[in-house]
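# Mind looking at a prediction? Sequence and model below.
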Amino acid sequence: MSKKQKKLEKPVRITTIARTMRFILIDKIVSLESGREIKALKCVSLAEEYLADHFPAFPVLPGVLLLEGLIESASWLVREAENFAHSMILLEQARNVKYKSFLAPGAQIEYTVQAKTIEENVSSFLGFGLSNGERIIEAKFGLRHFNLADEDSTMAAADARIIENMKKRWKLLKS
Amino acid sequence: MAMSRDEVFQEVREVLVDALGVDDDEVTAKATLMGDLGAESIDFLDIVFRLEKAFGIKIPREELFPAESLMNDPEFINNGKLTEKGLAELRDKMPHTDLAAFENDPDINKLGDLFTVDAIVNYVEGKLGNSE
């Protein structure tokens, strides 16, 4: 039996990860003003696995995942504005993040994200989340957008597959 | 080597700036860790570790931020509010904090408001033997 580990080709490995990651922290896009503002909803369900530990007697959505909801909302604003030009949209920095209240199962949060600037490879936003009129989170943050092929031309196919998957997800979110 | 309250405050501020990535001037005495400075669950562990290193003290788990034990035990919380048992636990764990306002409406959502920069400075002073 060979001890040599089977190494997948890098592009296949990355797109496999992208396809299997079901880390989706918004459920539905409510409104979108191209290049300017997006509103999205998330319903918190008791079935979300991380709630079991956070916390056993008082499940609430972890702060980082509230921030992730803002980041995902902003990412869709970028994708729509740039017509899905980039496969990778990542958080570059977050500032003035404030957690005002907890969000428990059964609650719904509406994220509003306003673009300050959207350029070719960077963008900046102001975002907040409300639930029943109550502020849950606010943050200022910046994203970076690029293609894997920018650094490594052999990754062009991986970029294409990721973008294809994002376009499919977009259809689900805005329906 | 006794530290003045102001010296303790400066050191605590530095810890929070490093742990939370906030600016110096955001860390005021009354600032709340979650509501004003954006700290959340992961950050509390980081803050405890950095305080231990900065002041050469040991901070037993749950002593500075008792929230986790409160949120893990169903005897302490009912319907989003702390029970009598929960309040007793809180009083026990946070002797340096004025809990009067919170006890009027022990809404778990407001628990975070108790964790202010002042509360941390009080705690560290207590540990260093400055108070009493």
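Arrived safely, thanks for sending. Fair warning: this is a prediction, and the values are worked out from it, not measured in the lab.
# So for stretch A:79-91, what gets flagged as buried?
Buried positions in stretch A:79-91, judged by neighbour count with 16 or more other Cβ atoms under 10 Å in any protein chain shown: A:79, A:80, A:81, A:82, A:86, A:87, A:88, A:89. Any C-beta I mention is one placed from the backbone N, CA and C, and that applies to glycine too.
# Leaving out chain neighbours, which residue sits closest to residue A:122?
If the residues on either side of it in the chain are set aside, residue A:122 comes closest to residue A:144, at 5.7 Å by Cβ to Cβ, 6 or more residues apart in numbering or on different chains.
# Dump the helix or strand encompassing that neighbour to PDB, restricted to CA.
Using DSSP states H and E, the element containing residue A:144 is strand A:134-146. Written as PDB, here are the backbone C-alpha positions of strand A:134-146 (Å, rounded to 0.1, in the frame of the first residue of the first chain):
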ATOM      1  CA  GLU A 134     -33.800  46.900  17.300                       C
ATOM      2  CA  ARG A 135     -30.200  47.400  16.300                       C
ATOM      3  CA  ILE A 136     -28.200  44.200  16.500                       C
ATOM      4  CA  ILE A 137     -24.900  45.000  14.700                       C
ATOM      5  CA  GLU A 138     -23.200  47.800  12.900                       C
ATOM      6  CA  ALA A 139     -19.900  47.900  11.200                       C
ATOM      7  CA  LYS A 140     -17.700  49.600   8.600                       C
ATOM      8  CA  PHE A 141     -15.800  47.300   6.400                       C
ATOM      9  CA  GLY A 142     -13.800  46.900   3.200                       C
ATOM     10  CA  LEU A 143     -13.700  44.100   0.700                       C
ATOM     11  CA  ARG A 144     -11.100  43.000  -1.800                       C
ATOM     12  CA  HIS A 145     -12.100  41.300  -5.100                       C
ATOM     13  CA  PHE A 146      -9.900  39.400  -7.500                       C
END
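# what does chain B have sitting close to chain A?
Residues of chain B lying close to chain A by Cβ under 8 Å from any Cβ of the partner chain are B:21-22, B:34-42, B:68, B:70-74, B:76-77, B:80, B:108-109, B:112.
# In helices only, show me the residues you listed.
Using DSSP state H, the subset of those located in helices is B:41, B:42, B:68, B:70, B:71, B:72.
# what's near enough to touch the fourth one?
Contact partners of residue B:70, counting by Cβ atoms under 8 Å, 6 or more residues apart in numbering or on different chains, are A:57, A:58, B:76, B:77, B:82, B:86, B:89, B:90, B:108, B:111.
# Leaving out sequence neighbours, find the closest residue to the third one.
This means residue B:76. residue B:86 (3.3 Å).
# Go ahead and confirm the one you found touches residue B:74.
No. Applying Cβ atoms under 8 Å as the test, residue B:86 and residue B:74 come out as separate, 9.9 Å apart.
# Neighbour count: the two, which is higher?
residue B:86 (24 against 12; other Cβ atoms under 10 Å in any protein chain shown).
# I'd assumed that one was in a helix, is it?
Yes. Counting by DSSP: H, G, I helix; E, B strand; the rest coil, one finds residue B:86 located in a helix.
# pLDDT at it, what is it?
Per-residue pLDDT puts residue B:86 at 91.
# Worst mean pLDDT across the helices and strands of chain B, which element?
The weakest-scoring helix or strand in chain B, judged by mean pLDDT, DSSP states H and E, is helix B:67-72 (a mean of 79).
# With just CA atoms, put that helix into CSV.
What follows is helix B:67-72, C-alpha atoms only, in CSV (Å, rounded to 0.1, in the frame of the first residue of the first chain):
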residue,chain,number,x,y,z
ALA,B,67,-21.4,35.2,31.0
GLU,B,68,-20.4,31.8,29.7
SER,B,69,-21.3,29.9,32.9
LEU,B,70,-24.5,31.8,33.0
MET,B,71,-25.4,31.0,29.5
ASN,B,72,-24.4,27.4,29.8
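# burial count for the residue nearest to residue A:122?
15.
# quick one, strands of the chain?
Using chain A. For chain A, strands defined by DSSP state E occupy the ranges A:28-33, A:37-43, A:88-99, A:108-118, A:122-131, A:134-146.
# wait, I meant chain B there
If you assign secondary structure with DSSP E, the strands in chain B sit at B:77-78, B:81-82.
# what would these look like in TSV with mean pLDDT?
Shown next, in TSV, are the strands of chain B (pLDDT from 0 to 100):
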stretch	mean pLDDT
strand B:77-78	86
strand B:81-82	90
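# residue contacts, residue 64?
Reading this off chain A. Here residue A:64 is in contact with B:40, B:42 (Cβ under 8 Å, 6+ apart).
# that's the other chain; I wanted chain B
B:47, B:48, B:51, B:120, B:123.
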